[in-house]
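S.K.: Fold the following and give me the result.
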Amino acid sequence: MSEEAQFEVALSFLPYVGDQLTKVLVSYCGSAKAVFATPPAKLVKIPGVGERVANSIRDNGRQALLEAEEVLRKAEAKGVQLLFYTSPLYPNRLKQLPDAPPLLYFRGNADLNHRRIISMVGTRKPSAYGQAITERIVEGLKPYNVLVVSGLAYGIDILAHRAALQMGLPTVGVMASGPDTIYPGVHKKYAEKMLEQGGVITENTFGTKPDAPRFPARNRIIAGMSDCTIVVEAAFKSGTLITADIAHSYDKEVMAVPGNINSSVSEGTNWLIKSHKAAVYTCTQDLVELLNWDVEDSLAAKKAAAIPVFDPADFSPEEMQVLQVLLQSGEEQMDNLGWKSQVPISQLASVLLALEFKGMIKAMPGKRFALIR
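M.R.: Numbering: from 1, shown residues only. Model prediction:
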């Protein structure tokens, strides 16, 4: 762990410094370490930082750093990655949201910036219909290589995780506890499998108990790190509808599975559809069309077909280096080609001439060269 990591973790232990203010402080000061080094007189000039916050950083900084040092030690011992919001490994979809947690504790091997991520939520007491539908939805996601996110709770959550594991899809559980506490305990065996095929993630530090207020907070991570939240079954007043409402407030897509009008666990999903807060999910194609996956795949296929493939046997190593640069940029000025391709300027002219003779590139005004596609 870097020295900066200790300061990043320490920010989470400072009184009066919440999620949004943490990002403001780092933005204005330049780094987490710089926040602690900035005198209170300068801190108070930052928008949203009053004397109480500035003094808190000064008075509690040392203790926060000691606590952070202990967290780093535990993280290393338990294989937990500490993802500050500036890390490239932090979920980009979540990072863009104002109330995103600045620090996440992650165990596992999932790419949290997977190309396609879907959250699945629902009642803790699903009907046989809800169970069957959950498994069918996950099965339909397999051809699209989707990362499945849920809350590791009883009911629809664990059914979604379990189905993803069976289908060979990565799946991530968002927890309301610390990274060292799997709740409920009976799901520990699934959580352990998920470490090899996804992972578990939380904003809470080591030793945190899954207290009731932490679940609604947990729900914003479930909604925020995915492209769409699918609600399978939910009572009219439930935490599941809170998750759907959060996703809606983030301008994220929400889908709901219509259910039996006589079933209490269908009241929530049917209401979401009726109030136009969720699109109807009846089959995989509904999701594909809502998120334009079919259009994306079609464009990707056309783009892949349009990208030429060069056989290294036909070109010298220097020619290949130049072609790879032009493949990325389309055209490039000669001097830029030199440093980007790492071909010495003394060699570059002859390399370019050889590629022209082979019909691969063309010379343009201003010593620019372009790839012939």
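
S.K.: so what's residue 47 closest to, chain neighbours aside?
M.R.: Among residues not flanking residue 47 along the chain, residue 24 sits closest, at 6.7 Å (CB to CB, 6 or more residues apart in numbering). From N, CA and C alone the C-beta is placed, and that goes for glycine too.

S.K.: Was I right to think that neighbour contacts residue 48?
M.R.: Yes: contact criterion CB atoms under 8 Å: residue 24 and residue 48 qualify, at 5.6 Å.

S.K.: Which parts of this protein are strands?
M.R.: Under the criterion DSSP state E, strands of the chain are mapped to 81-84, 103-108, 117-121, 147-150, 171-174, 198-202, 228-231, 253-256, 279-280, 331-333, 361-364, 368-371.

S.K.: which residues of the protein score low on pLDDT?
M.R.: Low-confidence segments of the chain, defined by pLDDT under 70, span residues 1, 303-308, 373.

S.K.: center of it - which residue?
M.R.: residue 91 (2.4 Å; CA atoms, centre = their mean).

S.K.: At which residues are the helices of the stretch 251-373 of the chain located?
M.R.: Listed in chain order, the helices found in the stretch 251-373 of the chain under DSSP state H, counting those that start in this stretch are 267-274, 284-290, 293-306, 317-329, 334-341, 345-357.

S.K.: One more: the stretch 101-250 of the chain?
M.R.: Taking DSSP H, counting those that start in this stretch as the criterion, the stretch 101-250 of the chain carries its helices at 128-141, 156-167, 188-196, 214-224, 239-249.

S.K.: can you give me how far stretch 322-334 is from the chain middle?
M.R.: In terms of CA atoms, centre = their mean, to the nearest Å, the gap separating the centre of stretch 322-334 from the centre of its chain is 31 Å.

S.K.: and for that stretch, what are the contacting residues?
M.R.: Residues external to stretch 322-334 that are found in contact with it (CB atoms under 8 Å, 6 or more residues apart in numbering): 307-308, 310, 315, 337, 340-341, 343, 348, 351-352, 355, 360-361, 364, 366-371.

S.K.: Name the residues linked to the residue lying closest to residue 169 once chain neighbours are set aside by a beta bridge.
M.R.: Taking CB to CB, 6+ apart as the measure, residue 169 lies nearest to residue 148, with 5.7 Å between them; neighbours along the chain are not counted. As for beta bridges, residue 148 partners with residue 118, residue 171 under DSSP bridges.

S.K.: on that earlier part again, ok, which of the helices of the stretch 251-373 of the chain comes nearest residue 181?
M.R.: Evaluated over the helices of the stretch 251-373 of the chain, closeness to residue 181 peaks at helix 267-274, with 28.4 Å, by CB to CB.

S.K.: Next, the buried residues of that closest one.
M.R.: If you call a residue buried by 16 or more other CB atoms under 10 Å, then helix 267-274 has these buried ones: 267, 268, 269, 270, 271, 272, 273.

S.K.: That one packs against which elements?
M.R.: Judged by 3 or more CB pairs under 8 Å, 6 or more residues apart in numbering; DSSP states H and E, helix 267-274 is in contact with strand 228-231, helix 239-249, strand 253-256.

S.K.: need those in CSV with mean neighbour count, can you?
M.R.: Rendered in CSV, the data for those read as follows (neighbours: other CB atoms under 10 Å):
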stretch, mean neighbour count
strand 228-231, 28
helix 239-249, 21
strand 253-256, 24
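
S.K.: would TSV of the ones you listed with distance to residue 171 be doable?
M.R.: Formatted as TSV, those follow (distance: least, CB to CB, whole Å):
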stretch	distance to residue 171
strand 228-231	14
helix 239-249	17
strand 253-256	18
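
S.K.: what about stretch 360-371, distance to the chain center?
M.R.: Chain-centre distance of stretch 360-371: 40 Å, with CA atoms, centre = their mean.

S.K.: typed the wrong thing, it's stretch 356-369
M.R.: 41 Å.

S.K.: ok, and what's touching that stretch?
M.R.: Contacts of stretch 356-369 (CB under 8 Å, 6+ apart): 314-315, 319, 322-323, 326, 331-335, 337, 352, 355, 370-372.

S.K.: related to what we said a few turns ago, residue 111 is in contact with the residue nearest to the centre of the chain, correct?
M.R.: No: taking contacts as CB under 8 Å, residue 91 lies outside contact range of residue 111: 9.6 Å.
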